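Trainee: give me the fold of what follows.
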Amino acid sequence: MLKLPYRPVFCTLKQFRLYSSTPVKDIVANGKTYKGDNWTNVPPYILELTKRKLYKNPNHPIGILHDLIKTSVNGMGYTVYEDFPPIVTKYENFDSLEFPEDHPGRSRSDTYYLNRDHLLRTHTSAHEQQCFTECKTPGYLISADVYRKDEIDRTHYPAFHQLEGARVWDRNDPNLLENIRKDIDEIPKTDIIVEDEFRENPVTENNPNQKHLKEEEVRLVAEHLKKTVEFIVYQVFEKARQSAKEQGLTMAYLDEPLKVRWVEAYFPWTSPSWEIEVWWKNEWLECCGCGIVQQQVLLNSGIGETK
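Mentor: Sure thing, here's the model as predicted:
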(Lines give C-alpha, C1' and ligand atoms only; values in the text may rest on other atoms or scores of the structure.)
Protein backbone atom coordinates (compact mmCIF):
# COMPACT_ATOMS: atom_id res chain seq x y z
CA MET A 1 0.00 0.00 0.00
CA LEU A 2 1.36 3.36 -1.02
CA LYS A 3 1.25 6.00 1.71
CA LEU A 4 1.93 9.59 0.84
CA PRO A 5 4.63 11.14 3.02
CA TYR A 6 2.58 14.27 3.67
CA ARG A 7 -0.42 12.47 5.14
CA PRO A 8 0.82 12.06 8.75
CA VAL A 9 1.91 15.70 8.75
CA PHE A 10 -1.48 16.80 7.42
CA CYS A 11 -3.25 14.84 10.17
CA THR A 12 -1.11 16.53 12.79
CA LEU A 13 -1.93 19.94 11.37
CA LYS A 14 -5.63 19.07 11.35
CA GLN A 15 -5.51 18.17 15.01
CA PHE A 16 -3.66 21.38 15.84
CA ARG A 17 -6.24 23.44 13.96
CA LEU A 18 -9.01 22.23 16.22
CA TYR A 19 -7.33 23.86 19.21
CA SER A 20 -5.72 26.83 17.51
CA SER A 21 -7.08 30.34 17.94
CA THR A 22 -5.88 31.26 14.44
CA PRO A 23 -8.93 32.20 12.31
CA VAL A 24 -9.80 29.73 9.57
CA LYS A 25 -9.92 31.32 6.14
CA ASP A 26 -13.12 31.39 4.15
CA ILE A 27 -13.23 29.10 1.13
CA VAL A 28 -14.29 30.16 -2.35
CA ALA A 29 -15.48 27.20 -4.38
CA ASN A 30 -17.92 26.64 -7.23
CA GLY A 31 -18.61 30.38 -7.40
CA LYS A 32 -19.63 30.67 -3.73
CA THR A 33 -17.92 31.72 -0.51
CA TYR A 34 -18.10 29.38 2.48
CA LYS A 35 -17.20 30.64 5.93
CA GLY A 36 -14.48 28.49 7.45
CA ASP A 37 -14.70 27.03 10.95
CA ASN A 38 -13.08 24.30 13.03
CA TRP A 39 -14.52 21.64 10.68
CA THR A 40 -12.75 23.06 7.61
CA ASN A 41 -10.23 20.51 6.35
CA VAL A 42 -10.35 20.51 2.53
CA PRO A 43 -6.98 21.45 0.99
CA PRO A 44 -6.75 23.61 -2.15
CA TYR A 45 -5.46 20.78 -4.34
CA ILE A 46 -8.61 18.74 -3.64
CA LEU A 47 -10.82 21.71 -4.54
CA GLU A 48 -8.93 21.99 -7.82
CA LEU A 49 -9.92 18.41 -8.65
CA THR A 50 -13.60 19.39 -8.60
CA LYS A 51 -13.05 21.29 -11.85
CA ARG A 52 -11.99 18.27 -13.92
CA LYS A 53 -15.37 16.69 -14.81
CA LEU A 54 -13.62 13.64 -16.25
CA TYR A 55 -16.89 11.75 -16.71
CA LYS A 56 -17.88 14.39 -19.27
CA ASN A 57 -14.72 13.95 -21.33
CA PRO A 58 -15.59 11.50 -24.15
CA ASN A 59 -11.89 10.74 -24.70
CA HIS A 60 -11.07 9.89 -21.08
CA PRO A 61 -11.53 6.30 -19.81
CA ILE A 62 -13.97 7.55 -17.16
CA GLY A 63 -15.95 9.40 -19.83
CA ILE A 64 -15.93 6.37 -22.13
CA LEU A 65 -17.25 4.16 -19.32
CA HIS A 66 -19.89 6.75 -18.39
CA ASP A 67 -21.13 6.97 -21.98
CA LEU A 68 -21.19 3.17 -22.33
CA ILE A 69 -23.40 2.73 -19.27
CA LYS A 70 -25.65 5.62 -20.21
CA THR A 71 -26.11 4.20 -23.70
CA SER A 72 -26.78 0.71 -22.32
CA VAL A 73 -29.89 1.84 -20.42
CA ASN A 74 -31.15 4.25 -23.06
CA GLY A 75 -34.87 3.69 -23.59
CA MET A 76 -35.33 1.77 -20.33
CA GLY A 77 -37.03 4.62 -18.46
CA TYR A 78 -34.16 6.43 -16.76
CA THR A 79 -33.51 10.17 -16.55
CA VAL A 80 -29.78 10.96 -16.46
CA TYR A 81 -28.48 13.62 -14.05
CA GLU A 82 -24.87 14.66 -14.52
CA ASP A 83 -24.63 18.34 -13.56
CA PHE A 84 -25.00 18.36 -9.79
CA PRO A 85 -22.40 20.58 -8.02
CA PRO A 86 -19.86 18.71 -5.85
CA ILE A 87 -20.54 20.73 -2.69
CA VAL A 88 -23.53 19.50 -0.70
CA THR A 89 -24.92 19.95 2.78
CA LYS A 90 -24.39 17.57 5.66
CA TYR A 91 -28.12 16.91 5.56
CA GLU A 92 -28.03 15.89 1.89
CA ASN A 93 -24.98 13.66 2.25
CA PHE A 94 -25.83 11.96 5.54
CA ASP A 95 -29.04 12.94 7.33
CA SER A 96 -31.44 12.45 4.40
CA LEU A 97 -30.02 8.94 3.97
CA GLU A 98 -30.47 8.02 7.64
CA PHE A 99 -26.74 7.76 8.41
CA PRO A 100 -26.30 7.19 12.16
CA GLU A 101 -24.79 10.13 14.04
CA ASP A 102 -21.78 8.00 14.98
CA HIS A 103 -21.18 6.66 11.46
CA PRO A 104 -17.44 6.98 10.65
CA GLY A 105 -18.24 8.52 7.27
CA ARG A 106 -19.32 11.70 9.06
CA SER A 107 -15.92 12.22 10.66
CA ARG A 108 -13.36 14.80 9.57
CA SER A 109 -10.89 11.98 9.10
CA ASP A 110 -13.06 10.48 6.33
CA THR A 111 -14.75 13.47 4.69
CA TYR A 112 -13.66 16.84 3.24
CA TYR A 113 -15.55 19.64 4.99
CA LEU A 114 -15.72 23.24 3.83
CA ASN A 115 -17.34 24.00 7.17
CA ARG A 116 -19.60 22.30 9.69
CA ASP A 117 -22.61 22.28 7.35
CA HIS A 118 -21.04 21.91 3.86
CA LEU A 119 -18.79 19.25 2.40
CA LEU A 120 -17.61 17.60 -0.80
CA ARG A 121 -20.08 14.80 -1.51
CA THR A 122 -18.78 11.40 -0.53
CA HIS A 123 -21.22 9.60 -2.82
CA THR A 124 -23.74 10.32 -5.55
CA SER A 125 -26.47 9.33 -3.11
CA ALA A 126 -26.23 12.86 -1.70
CA HIS A 127 -28.54 13.80 -4.60
CA GLU A 128 -31.07 10.99 -4.13
CA GLN A 129 -33.63 13.12 -2.37
CA GLN A 130 -33.68 15.71 -5.14
CA CYS A 131 -33.91 13.03 -7.83
CA PHE A 132 -36.72 11.14 -6.11
CA THR A 133 -38.60 14.41 -5.75
CA GLU A 134 -38.07 15.78 -9.27
CA CYS A 135 -37.71 12.75 -11.57
CA LYS A 136 -40.66 12.20 -13.92
CA THR A 137 -39.56 8.81 -15.28
CA PRO A 138 -39.69 5.46 -13.44
CA GLY A 139 -35.97 5.66 -12.72
CA TYR A 140 -32.91 7.87 -12.77
CA LEU A 141 -29.13 7.72 -13.09
CA ILE A 142 -26.67 10.07 -11.37
CA SER A 143 -23.10 10.54 -12.64
CA ALA A 144 -20.64 12.54 -10.57
CA ASP A 145 -17.19 12.87 -9.07
CA VAL A 146 -17.05 12.09 -5.33
CA TYR A 147 -14.47 12.72 -2.62
CA ARG A 148 -13.21 10.79 0.40
CA LYS A 149 -10.05 11.05 2.46
CA ASP A 150 -8.64 7.73 1.29
CA GLU A 151 -5.01 6.76 1.32
CA ILE A 152 -3.79 6.35 -2.24
CA ASP A 153 -3.15 2.85 -3.56
CA ARG A 154 -3.95 1.01 -6.80
CA THR A 155 -7.71 1.07 -6.10
CA HIS A 156 -8.12 4.23 -3.99
CA TYR A 157 -7.74 7.95 -4.62
CA PRO A 158 -9.31 10.93 -2.76
CA ALA A 159 -11.28 11.88 -5.88
CA PHE A 160 -13.12 9.17 -7.79
CA HIS A 161 -16.36 8.67 -9.70
CA GLN A 162 -19.69 6.98 -9.16
CA LEU A 163 -22.75 6.25 -11.23
CA GLU A 164 -25.88 5.21 -9.38
CA GLY A 165 -29.44 4.53 -10.34
CA ALA A 166 -32.82 3.92 -8.78
CA ARG A 167 -36.27 2.89 -9.91
CA VAL A 168 -39.63 3.40 -8.19
CA TRP A 169 -42.93 1.53 -8.37
CA ASP A 170 -46.27 2.54 -6.86
CA ARG A 171 -47.44 -0.03 -4.30
CA ASN A 172 -51.02 1.20 -4.72
CA ASP A 173 -51.00 -0.05 -8.31
CA PRO A 174 -53.43 -3.02 -8.42
CA ASN A 175 -51.21 -4.58 -11.11
CA LEU A 176 -47.96 -3.92 -9.23
CA LEU A 177 -46.50 -7.42 -9.28
CA GLU A 178 -47.51 -8.01 -12.89
CA ASN A 179 -45.90 -4.73 -13.94
CA ILE A 180 -42.65 -5.51 -12.12
CA ARG A 181 -42.52 -8.90 -13.87
CA LYS A 182 -43.07 -7.12 -17.18
CA ASP A 183 -40.23 -4.70 -16.42
CA ILE A 184 -37.99 -7.66 -15.59
CA ASP A 185 -38.80 -9.33 -18.92
CA GLU A 186 -37.82 -6.13 -20.75
CA ILE A 187 -34.27 -6.18 -19.39
CA PRO A 188 -32.02 -7.46 -22.21
CA LYS A 189 -30.85 -11.06 -21.76
CA THR A 190 -27.17 -11.99 -21.44
CA ASP A 191 -25.17 -15.24 -21.24
CA ILE A 192 -23.55 -14.18 -17.98
CA ILE A 193 -23.02 -16.93 -15.36
CA VAL A 194 -24.60 -15.85 -12.07
CA GLU A 195 -23.97 -17.26 -8.59
CA ASP A 196 -26.74 -16.02 -6.31
CA GLU A 197 -27.90 -18.09 -3.36
CA PHE A 198 -30.32 -15.29 -2.43
CA ARG A 199 -32.23 -15.00 -5.73
CA GLU A 200 -35.38 -16.81 -4.61
CA ASN A 201 -35.11 -15.83 -0.94
CA PRO A 202 -33.45 -12.40 -0.79
CA VAL A 203 -34.28 -11.78 2.87
CA THR A 204 -32.08 -13.40 5.52
CA GLU A 205 -31.36 -12.89 9.20
CA ASN A 206 -28.33 -10.78 8.30
CA ASN A 207 -30.10 -8.95 5.48
CA PRO A 208 -33.56 -8.09 6.80
CA ASN A 209 -36.67 -6.97 5.00
CA GLN A 210 -38.44 -3.69 5.69
CA LYS A 211 -41.65 -4.12 7.66
CA HIS A 212 -43.91 -2.50 5.07
CA LEU A 213 -42.79 -4.71 2.16
CA LYS A 214 -44.38 -8.02 1.24
CA GLU A 215 -42.24 -11.06 0.49
CA GLU A 216 -43.14 -11.24 -3.22
CA GLU A 217 -42.62 -7.49 -3.65
CA VAL A 218 -39.11 -7.80 -2.27
CA ARG A 219 -38.30 -10.84 -4.38
CA LEU A 220 -39.41 -9.20 -7.64
CA VAL A 221 -37.84 -5.81 -6.94
CA ALA A 222 -34.58 -7.53 -5.98
CA GLU A 223 -34.69 -9.58 -9.18
CA HIS A 224 -35.23 -6.46 -11.29
CA LEU A 225 -32.42 -4.67 -9.48
CA LYS A 226 -29.93 -7.50 -9.83
CA LYS A 227 -30.73 -8.25 -13.47
CA THR A 228 -30.32 -4.57 -14.32
CA VAL A 229 -26.93 -4.48 -12.61
CA GLU A 230 -25.92 -7.76 -14.28
CA PHE A 231 -26.83 -6.34 -17.68
CA ILE A 232 -24.76 -3.20 -17.11
CA VAL A 233 -21.81 -5.22 -15.79
CA TYR A 234 -22.05 -7.50 -18.82
CA GLN A 235 -21.97 -4.53 -21.20
CA VAL A 236 -18.90 -3.06 -19.51
CA PHE A 237 -16.84 -6.24 -19.31
CA GLU A 238 -17.79 -7.49 -22.75
CA LYS A 239 -16.58 -4.17 -24.13
CA ALA A 240 -13.32 -4.60 -22.22
CA ARG A 241 -12.98 -8.13 -23.58
CA GLN A 242 -13.65 -6.95 -27.13
CA SER A 243 -11.12 -4.12 -26.87
CA ALA A 244 -8.45 -6.46 -25.51
CA LYS A 245 -8.93 -8.90 -28.38
CA GLU A 246 -8.80 -6.09 -30.92
CA GLN A 247 -5.37 -5.21 -29.52
CA GLY A 248 -4.19 -8.76 -30.13
CA LEU A 249 -4.27 -9.98 -26.53
CA THR A 250 -4.82 -13.72 -26.11
CA MET A 251 -5.09 -14.37 -22.37
CA ALA A 252 -7.29 -17.33 -21.45
CA TYR A 253 -9.79 -15.29 -19.43
CA LEU A 254 -10.76 -13.37 -22.57
CA ASP A 255 -12.44 -16.52 -23.92
CA GLU A 256 -14.17 -17.53 -20.69
CA PRO A 257 -17.86 -16.74 -20.07
CA LEU A 258 -18.32 -13.79 -17.75
CA LYS A 259 -19.05 -14.96 -14.21
CA VAL A 260 -20.47 -12.91 -11.32
CA ARG A 261 -21.60 -13.61 -7.78
CA TRP A 262 -23.84 -11.79 -5.32
CA VAL A 263 -22.91 -11.32 -1.67
CA GLU A 264 -24.85 -9.72 1.15
CA ALA A 265 -23.90 -6.17 2.13
CA TYR A 266 -24.90 -3.32 4.43
CA PHE A 267 -25.69 0.29 3.58
CA PRO A 268 -27.47 2.70 5.95
CA TRP A 269 -30.14 3.65 3.40
CA THR A 270 -31.01 0.29 1.80
CA SER A 271 -32.31 -3.04 3.09
CA PRO A 272 -31.90 -5.75 2.04
CA SER A 273 -28.57 -4.94 0.34
CA TRP A 274 -26.05 -6.75 -1.86
CA GLU A 275 -22.81 -6.34 -3.78
CA ILE A 276 -21.93 -7.88 -7.12
CA GLU A 277 -18.44 -9.27 -7.71
CA VAL A 278 -17.01 -10.17 -11.12
CA TRP A 279 -14.51 -12.95 -11.78
CA TRP A 280 -11.92 -11.14 -13.89
CA LYS A 281 -8.23 -11.87 -14.42
CA ASN A 282 -8.40 -14.75 -11.94
CA GLU A 283 -9.74 -12.76 -9.00
CA TRP A 284 -13.07 -11.52 -7.68
CA LEU A 285 -13.49 -7.83 -8.40
CA GLU A 286 -16.00 -5.88 -6.29
CA CYS A 287 -18.04 -3.76 -8.69
CA CYS A 288 -21.30 -2.44 -7.33
CA GLY A 289 -23.31 -2.16 -4.14
CA CYS A 290 -27.10 -1.96 -4.27
CA GLY A 291 -30.28 -2.59 -2.34
CA ILE A 292 -33.92 -1.67 -1.77
CA VAL A 293 -34.14 1.93 -0.59
CA GLN A 294 -35.28 2.40 3.00
CA GLN A 295 -38.81 3.77 3.21
CA GLN A 296 -37.69 6.63 5.46
CA VAL A 297 -35.38 7.88 2.70
CA LEU A 298 -38.37 7.99 0.35
CA LEU A 299 -40.44 9.75 3.01
CA ASN A 300 -37.63 12.28 3.45
CA SER A 301 -37.96 12.93 -0.28
CA GLY A 302 -41.67 13.64 0.06
CA ILE A 303 -42.86 11.08 -2.48
CA GLY A 304 -45.26 9.35 -0.10
CA GLU A 305 -45.66 6.04 1.69
CA THR A 306 -46.76 3.92 -1.27
CA LYS A 307 -43.48 3.78 -3.22
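Trainee: can you list the buried residues in the helix or strand harbouring residue 242?
Mentor: If you go by DSSP states H and E, residue 242 is part of helix 215-246. For helix 215-246, the neighbour count (16 or more other Cβ atoms under 10 Å) marks 217-237, 241 as buried. From N, CA and C alone the C-beta is placed, and that goes for glycine too.
Trainee: can you check stretch 296-307 too?
Mentor: For stretch 296-307, using 16+ other Cβ under 10 Å, the buried residues are 297-298, 300-301, 303.
Trainee: and for stretch 36-55?
Mentor: So, applying 16+ other Cβ under 10 Å, buried residues of stretch 36-55: 36, 39-42, 46-47, 50, 53, 55.
Trainee: which of these lies closest to residue 99?
Mentor: residue 39 (16.2 Å; Cβ to Cβ).
Trainee: doesn't residue 116 make contact with the closest one?
Mentor: Yes: in this structure, residue 39 is within contact of residue 116 by Cβ atoms under 8 Å, at 4.4 Å.
Trainee: returning to that earlier point: ok now the helix holding residue 242, how far from the chain's centre?
Mentor: 15 Å (Cα atoms, centre = their mean, to the nearest Å).
Trainee: can you tell me the closest non-neighbouring residue to residue 109?
Mentor: residue 149 (6.4 Å; Cβ to Cβ, 6 or more residues apart in numbering).
Trainee: my guess is the one you found meets residue 112, correct?
Mentor: Yes: contact criterion Cβ under 8 Å: residue 149 and residue 112 qualify, at 6.5 Å.
Trainee: these two: who's more crowded?
Mentor: residue 112 (23 against 20; other Cβ atoms under 10 Å).
Trainee: my read: the more buried one touches residue 119, true?
Mentor: Yes: in this structure, residue 112 is within contact of residue 119 by Cβ under 8 Å, at 6.1 Å.
Trainee: what about stretch 183-190, average pLDDT?
Mentor: For stretch 183-190, mean pLDDT is 97.
Trainee: now that stretch: buried residues?
Mentor: For stretch 183-190, by 16+ other Cβ under 10 Å, it's 183-184, 187, 190.
Trainee: before we move on, back to that, need the residues touching each of residue 149 and residue 112.
Mentor: Common neighbours of residue 149 and residue 112 (criterion: Cβ atoms under 8 Å, 6 or more residues apart in numbering): residue 158.
Trainee: now do the helices in the chain.
Mentor: 6-19, 44-49, 61-72, 90-93, 128-134, 176-185, 215-246, 295-300 (DSSP state H).
Trainee: Throw those helices into a markdown table and include distance to residue 26, thanks.
Mentor: Putting the helices of the chain into a markdown table (distance: least, Cβ to Cβ, whole Å) gives the following:
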| stretch | distance to residue 26 |
| --- | --- |
| helix 6-19 | 15 |
| helix 44-49 | 13 |
| helix 61-72 | 31 |
| helix 90-93 | 18 |
| helix 128-134 | 26 |
| helix 176-185 | 49 |
| helix 215-246 | 42 |
| helix 295-300 | 30 |
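Trainee: and those helices: which comes nearest residue 196?
Mentor: Among these, the nearest to residue 196 by Cβ to Cβ is helix 215-246 (6.9 Å).
Trainee: pick the one among the buried residues of stretch 36-55 closest to residue 253.
Mentor: Distances from residue 253 to the buried residues of stretch 36-55, taken by Cβ to Cβ, are shortest for residue 55, at 27.3 Å.
Trainee: what residues are up against that closest one?
Mentor: 62-63, 66, 82, 143-145, 161, 163.
Trainee: how about a cut-off of 10 Å?
Mentor: By Cβ atoms under 10 Å, 6 or more residues apart in numbering, residue 55 lies in contact with 62-67, 70, 82, 143-145, 161-163.
Trainee: lovely, talk soon.
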